[in-house]
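K.L.:
structural data only, the sequence is not supplied:
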């Protein structure tokens, strides 16, 4: 940062942006609240007697599953990224937002659409379509809610990119974090283009039925670029906050971010060569997943190298700050992401190895976002409600994700098919049973970690209380020191 940022305040130029950043962050936390509610509903839908009290009875599990996935892995991610887009494009550059009104409209549309999705799922309206990346409820309310949410995100993406262009024209420097989130915004824009091309292909070729899975297949893959870039950007921020120095040089970081975008730019051309009904279409987008590896690996190696070099020298020889949730979240996010990559290298067939892989990758994104949340609060004139819970929570959630994914990997390696439940899983061998049992235990631990974060985060966001005893977080000390942003 070129200028220090005082607690709970910004320069007169960026003060409106800080309020909007708070709005997006609160929206993200509330999305996780409802994700937890739907996770509970999934469990209740499999509980005797109670299942009969729910809409659709035991079949409500599929509706609740759609609600959970949409809230936890789509809305939570994009809402937090909405916060990052506002924060890095304005506060980091000390530049006024291109259009605060457009950002408010975007937040209103996204929040309103989410409310409609929640009402639809809680009411058990529509049948569940468990498409990859974006599951659906076959009901007009759900379609409308999802469209409103998407419109809000698109407006925020456009506003962010215009703000970054405005900052450059005004001569502002673009720190790596700002550049990274601009790259994430570009990938989100590419994803929207892919969704549009997919829809056009479906209707222009007059297909016999609308295939939801193939409709979201392309854009869903590209959105993983947005999520991964955002995660890596947060890694850089957490490294600078906790270590007091950057792990990756500005030029190197920007080149690596540009590589993500260059690969993602090839996605829309797939629609020119392949119809969405073909296997080649699906395989082409599946191949794009390998484009996430090179840049992410370099970022991770450079960060690990810095951490190893700091071991034993940080904090007057006391070692690395493992009790700091920002630091533990950084390390655990990289570790869980690495496990997901290792699982991807072993995947064969259509089985539970696939969800084992993507639960690690999306879990890693969530862990990183949670870690940054704790450091951002003082800048929004808020304090962490319980520092004890904050210290434990990253370990609890990460352990749950590893157990959950490990169990799925074991079960999948012995032939358990994905998207099967109950007797359909055919747990006829010891290893299948062991794998799914470990998965269940991991799910409970991960839910406990998620609940811990949600309660701590929600209370912290709603209490306008400065940090206890005038103490500053590591993140705030970084900001107040006026160090160059990550």
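P.N.:
Thanks, I have the structure now. Please read all numbers here as calculations on a predicted model, not as lab measurements. Residues are numbered from 1 along each chain as shown.

K.L.:
tell me who's in contact with the closest residue in space to residue 228 that isn't next to it in sequence.
P.N.:
Leaving aside its chain neighbours, residue 228 sits nearest to residue 292 (5.1 Å; criterion: Cβ to Cβ, 6 or more residues apart in numbering). No exception for glycine: its C-beta is placed from N, CA and C like everyone else's. Applying Cβ atoms under 8 Å, 6 or more residues apart in numbering, we find residue 292 in contact with 224-225, 228, 260.

K.L.:
ditto for residue 377
P.N.:
383-384, 460-461, 473.

K.L.:
just residue 387 next, same as before
P.N.:
So residue 387 contacts nothing (Cβ under 8 Å, 6+ apart).

K.L.:
what is the neighbour count of residue 273?
P.N.:
10 (other Cβ atoms under 10 Å).

K.L.:
and it, how close does it get to residue 201?
P.N.:
Residue 273 sits 12 Å away from residue 201, taking Cβ to Cβ, to the nearest Å as the criterion.

K.L.:
what's the answer for residue 141, then?
P.N.:
For residue 141 relative to residue 201 (Cβ to Cβ), the value is 26 Å.

K.L.:
more neighbours, those two?
P.N.:
Ranked by neighbour count (other Cβ under 10 Å), residue 141 and residue 201 place residue 201 first, with 19 against 16.

K.L.:
in terms of helices and strands, where is that one?
P.N.:
helix 176-204 (DSSP states H and E).

K.L.:
average pLDDT for that helix, rounded please.
P.N.:
Averaging pLDDT along helix 176-204 yields 95.

K.L.:
how near is residue 64 to residue 443?
P.N.:
From residue 64 to residue 443 the distance is 14 Å (Cβ to Cβ).

K.L.:
so between those two, which is more surrounded?
P.N.:
More crowded of residue 64 and residue 443, by other Cβ under 10 Å: residue 64, with 26 against 20.

K.L.:
quick one: contacts for residue 159?
P.N.:
Per Cβ under 8 Å, 6+ apart, neighbours of residue 159: 97-99, 102-103, 106.

K.L.:
6 Å - rerun?
P.N.:
98-99, 102-103 (Cβ atoms under 6 Å, 6 or more residues apart in numbering).

K.L.:
mind checking which helix or strand the closest residue to residue 359 other than its chain neighbours is in?
P.N.:
Among residues not flanking residue 359 along the chain, residue 405 sits closest, at 5.0 Å (Cβ to Cβ, 6+ apart). Using DSSP H and E, residue 405 maps to helix 387-413.

K.L.:
what comes up buried for that helix?
P.N.:
Buried residues in helix 387-413, counting neighbours by 16 or more other Cβ atoms under 10 Å, are found at 387, 389-394, 396-413.

K.L.:
got it, and stretch 177-190?
P.N.:
Quick answer for stretch 177-190 (16+ other Cβ under 10 Å): 177-190.

K.L.:
what's the separation between residue 378 and residue 354?
P.N.:
Using Cβ to Cβ, residue 378 is found at 40 Å from residue 354.

K.L.:
tell me which of those two has more neighbours.
P.N.:
Set side by side, residue 378 and residue 354 show more neighbours around residue 378, with 23 against 19, by other Cβ under 10 Å.

K.L.:
quick one on the thing from earlier: summarise which helices and strands the helix holding residue 201 is packed against.
P.N.:
Packing partners of helix 176-204 (3 or more Cβ pairs under 6 Å, 6 or more residues apart in numbering; DSSP states H and E): helix 76-86, helix 140-169, helix 212-243, helix 250-264, helix 267-273.

K.L.:
quick one, it and helix 140-169 angle?
P.N.:
140 degrees (axes from the mean of the first three to the mean of the last three Cα atoms, to 10 degrees).

K.L.:
the protein - how does it break down into domains?
P.N.:
6-174, 175-320, 347-486 (automatic domain parsing).

K.L.:
and those domains as TSV, adding distance to residue 340?
P.N.:
Listed next are the domains of the chain as TSV, based on distance: least, Cβ to Cβ, whole Å:
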stretch	distance to residue 340
domain 6-174	14
domain 175-320	10
domain 347-486	3
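
K.L.:
out of those domains, which gets nearest to residue 329?
P.N.:
Among those, the nearest to residue 329 by Cβ to Cβ is domain 347-486 (2.4 Å).
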